[in-house]
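1. Using only what follows, build the 3D model:
(chains A, B, C and D)
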Protein chains: 2
Amino acid sequence: MSGKNRAPRRSAEQQRDIYHHGDLKRALTDSALVLVAEKGPKGFSLSEAARRVGVSVAAPYRHFRDKAELLAAVAEQGFLQLHATLVDAGDSESGPHERIIEMGRGYVRWAVAHPDHYQVMFGGEIVKPDHPALLGAATRAFDDLLDAIAMGLGSGMLRGRDAREMAGPVWSLVHGIASLAIGGDLRHVGIRDDPETLAGRSLAQLLGVAEADSEPASSS
Amino acid sequence: MSGKNRAPRRSAEQQRDIYHHGDLKRALTDSALVLVAEKGPKGFSLSEAARRVGVSVAAPYRHFRDKAELLAAVAEQGFLQLHATLVDAGDSESGPHERIIEMGRGYVRWAVAHPDHYQVMFGGEIVKPDHPALLGAATRAFDDLLDAIAMGLGSGMLRGRDAREMAGPVWSLVHGIASLAIGGDLRHVGIRDDPETLAGRSLAQLLGVAEADSEPASSS
DNA sequence: ACCTGAACACCGTTCAAGT
DNA sequence: ACCTGAACACCGTTCAAGT
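-> Numbers count the residues shown, from 1 in each chain, chains lettered A, B, ... in the order given. Okay, here's the model as predicted:
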């Protein structure tokens, strides 16, 4: 009796068997994340991700509709990390201008530190509404900025009408700096400032405030 | 005698023979441009470009080192068009602020009108310094903006220290708007303004000037 | 339920061979 | 000098078949 009697036969591959016990999906996204960081979003291939994780090239299709859906999962992870970075950056400041500026600096810092990941998130290979979880994660990151602006408006210390209307230029500015810095385009035209510094200066200019010298003087 | 006696045998393919009389290079870039506009930079393939132009898939390698070099030629064409657009936009204005704003609007207008072309130019598939002609064309477009700022500084109507330092935020802002608009990201977070309008508003804010209502009132 | 093997159509790139 | 034909290694995706 008992058709389930399967003792662990190959002890060398024990870990692998356990790893894939319903978690091939996570294993693949982890592998994809590493591959994207190693060879860039262009060099990433679904086949290699499958090989690395020890399954056939057809196996991923049990967990992802296609390559784009796996990349969407990678992008989603990126937005979660970016969200955490923005929350951290915003927490360390009290005034609305400084808060927005520090969030912008944090945004650019994360982007240039993870250029390939950032390119997956914004490289245009994925249509975000096709992947609800990705769209949600992206929206959450944007909401961090939106909330900071709304708080500033509410306190009266920031002038403006609508938070969403004000968030457009701010996001565009930091995304533009991140994107051009990653592509090397700023450097190519002789702009050699550190991107994070450039973000701070640009945001101060956009918000119409004099810029603090480098890092904030104190946190008290 | 005469080994060159080759009368036109296949009249149907006469045009094609003439077309490739030393101009396969141009034929391929033209074909690539159409393909990129039709199927996006992602869907573009060197093989299909060759097929469309009526040569074998190996033929392009006589004229381009690899796929990237053909894409670089396409990107170069894009920067030439963008340059022309910026010159046009700048010519129609006299004050430095208005000039810069109109150039920014022109930049975004061209980008959203040619989204796939723009993605080839900034999608990160090409390393610009590897293709001197491309780098030159890109620099020329950036110089349009640089010149407008330098003129404003020279006339004293624009305040600031260094033109290149001021160009960074301006370019980043319009590139960010163009890029996020093309990716649909602005729409996804509820920012439904026309990108060109957003560019005008954002630049006015960055430059610290009150914005003119929509289009400039008159050209005199 | 989940994975493999094999197949399909399609790439980018190389190279000997043709004219 | 310029192009073809054929080959190579590599994709993404599908599907019958295995356990």
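
2. what about the helices in chain A?
-> With DSSP state H, the ranges of helices along chain A come out as A:14-19, A:24-43, A:46-53, A:67-91, A:96-113, A:115-122, A:132-155, A:163-183, A:185-188, A:195-207.

3. Determine if any part of the third one is in contact with chain B.
-> The one in question is helix A:46-53. No - figure legend: helix A:46-53 not in contact with chain B (C-beta under 8 Å from any C-beta of the partner chain); closest approach 14.8 Å. Any C-beta I mention is one placed from the backbone N, CA and C, and that applies to glycine too.

4. what's the angle between that helix and helix A:67-91?
-> 70 degrees (axes from the mean of the first three to the mean of the last three C-alpha atoms, to 10 degrees).

5. Centre of the chain to helix A:46-53, how far?
-> 23 Å (C-alpha atoms, centre = their mean, to the nearest Å).

6. Between helix A:24-43 and it, find me the angle.
-> Here the directions of helix A:46-53 and helix A:24-43 differ by 130 degrees (the same axes, to 10 degrees).

7. cool, and the last one?
-> If you take the same axes, to 10 degrees, helix A:195-207 sits at 90 degrees to helix A:24-43.

8. quick one, helix A:195-207 and helix A:163-183 angle?
-> Orientation check (the same axes, to 10 degrees): helix A:195-207 against helix A:163-183 gives 150 degrees.

9. who does helix A:195-207 touch, helix- and strand-wise?
-> Secondary structure elements in contact with helix A:195-207, counted by 3 or more C-beta pairs under 8 Å, 6 or more residues apart in numbering or on different chains; DSSP states H and E, are helix A:96-113, helix A:163-183, helix B:163-183, helix B:195-207.

10. hmm, back to that, reformat the helices of chain A into TSV and put mean pLDDT next to each item.
-> Below are those laid out as TSV (pLDDT from 0 to 100):
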stretch	mean pLDDT
helix A:14-19	51
helix A:24-43	95
helix A:46-53	97
helix A:67-91	98
helix A:96-113	98
helix A:115-122	98
helix A:132-155	97
helix A:163-183	98
helix A:185-188	98
helix A:195-207	98
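
11. need the residues of chain A near DNA strand D, please.
-> In this structure, chain A approaches DNA strand D at residues A:44-48, A:57-58, A:61, A:66-68, judged by C-beta under 7 Å from any atom of the strand.

12. Contacts made by stretch A:121-138 with the rest, please.
-> For stretch A:121-138, the external contacting residues (C-beta atoms under 8 Å, 6 or more residues apart in numbering or on different chains) are A:41, A:68-69, A:71-73, A:75-76, A:78-80, A:82-83, A:120, A:175, A:179, B:41-42, B:119, B:123-124, B:179, B:182-185, B:188-189.

13. contacting residues around A:Asp194?
-> A:Asp194 neighbours (C-beta under 8 Å, 6+ apart): none.

14. gap between the residue positioned nearest the centre of chain A and DNA strand D?
-> Per C-alpha atoms, centre = their mean, the C-alpha nearest to the average position across chain A is that of A:Gly78, at 3.0 Å. According to C-beta to the nearest atom of the strand, to the nearest Å, A:Gly78 and DNA strand D sit 19 Å apart.

15. shouldn't that residue be in contact with A:Pro115?
-> No - between A:Gly78 and A:Pro115 there is no contact under C-beta atoms under 8 Å: 11.1 Å.

16. For A:Leu33, which non-adjacent residue is spatially closest?
-> A:Val74 (5.5 Å; C-beta to C-beta, 6 or more residues apart in numbering or on different chains).

17. my guess is that neighbour meets A:Leu35, correct?
-> No - using C-beta under 8 Å, A:Val74 is not in contact with A:Leu35; the gap is 9.2 Å.

18. and the gap between A:Val108 and DNA strand C?
-> Distance from A:Val108 to DNA strand C, by C-beta to the nearest atom of the strand: 32 Å.

19. leaving aside the residues next to it on the chain, what's closest to that residue?
-> Looking at A:Val108 with C-beta to C-beta, 6+ apart, the closest residue is A:Ala199, at 4.2 Å.

20. before we move on, the earlier item: in contact with the residue nearest to the centre of chain A, which residues?
-> Residues near A:Gly78 by C-beta under 8 Å, 6+ apart: A:114, A:117-118, A:120-121.

21. Let's see the ChimeraX selection covering just the buried ones among these.
-> Entered in ChimeraX, the line below selects the buried ones among the contacts of A:Gly78, by 16 or more other C-beta atoms under 10 Å in any protein chain shown:
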select /A:114,117,118,120,121
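
22. Let me know the closest of the contacts of A:Gly78 to B:Asp143.
-> Set against B:Asp143, the nearest of these by C-beta to C-beta is A:Tyr118 (27.6 Å).

23. so that closest one touches A:Ile182, yeah?
-> Yes - if you go by C-beta under 8 Å, A:Tyr118 and A:Ile182 touch, sitting 6.2 Å apart.

24. and for these two, which residues touch both?
-> In contact with both A:Tyr118 and A:Ile182: A:Ala111, using C-beta under 8 Å, 6+ apart.

25. burial measure for the closest residue to A:Arg52 other than its chain neighbours, as a count.
-> Nearest non-adjacent residue to A:Arg52, counting by C-beta to C-beta, 6+ apart: A:Ser31, 4.9 Å away. Using other C-beta atoms under 10 Å in any protein chain shown, A:Ser31 has 20 other residues around it.

26. quick one: A:Ser31 and A:Ser47 touch, right?
-> No - A:Ser31 lies out of contact with A:Ser47 (C-beta under 8 Å); the separation is 11.5 Å.

27. OK, contacts around A:Met45?
-> Just so we're on the same page, residue A:45 is Ser rather than Met. Applying C-beta under 8 Å, 6+ apart, the residues near A:Ser45 are A:Leu35.

28. Let me see the backbone angles for it.
-> Phi and psi for A:Ser45, reported as degrees, to the nearest 10, are phi -130, psi 140.

29. Just the pLDDT for it.
-> pLDDT recorded at A:Ser45 is 97.

30. need the contact list for the closest residue to A:Arg192 other than its chain neighbours.
-> Nearest residue to A:Arg192 in three dimensions, chain neighbours excluded: A:Leu186, at 7.7 Å (C-beta to C-beta, 6+ apart). With contact taken as C-beta under 8 Å, 6+ apart, A:Leu186 is in contact with A:177, A:180, A:192-193, A:195, A:198, B:168, B:172.

31. What is the neighbour count of A:Arg164?
-> Neighbourhood size, A:Arg164 [other C-beta under 10 Å]: 16.

32. And for A:Leu206?
-> 25.

33. Help me confirm that it comes into contact with B:Ala204.
-> No - using C-beta under 8 Å, A:Leu206 makes no contact with B:Ala204, being 10.7 Å away.

34. picking up where we left off before, any chance of the residues of chain A next to DNA strand D in JSON lines with distance to B:Met157 as columns?
-> Below are the residues of chain A next to DNA strand D laid out as JSON lines (distance: C-beta to C-beta, whole Å):
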{"residue": "A:Phe44", "distance to B:Met157": "49"}
{"residue": "A:Ser45", "distance to B:Met157": "54"}
{"residue": "A:Leu46", "distance to B:Met157": "56"}
{"residue": "A:Ser47", "distance to B:Met157": "59"}
{"residue": "A:Glu48", "distance to B:Met157": "57"}
{"residue": "A:Val57", "distance to B:Met157": "63"}
{"residue": "A:Ala58", "distance to B:Met157": "65"}
{"residue": "A:Tyr61", "distance to B:Met157": "62"}
{"residue": "A:Asp66", "distance to B:Met157": "55"}
{"residue": "A:Lys67", "distance to B:Met157": "53"}
{"residue": "A:Ala68", "distance to B:Met157": "49"}
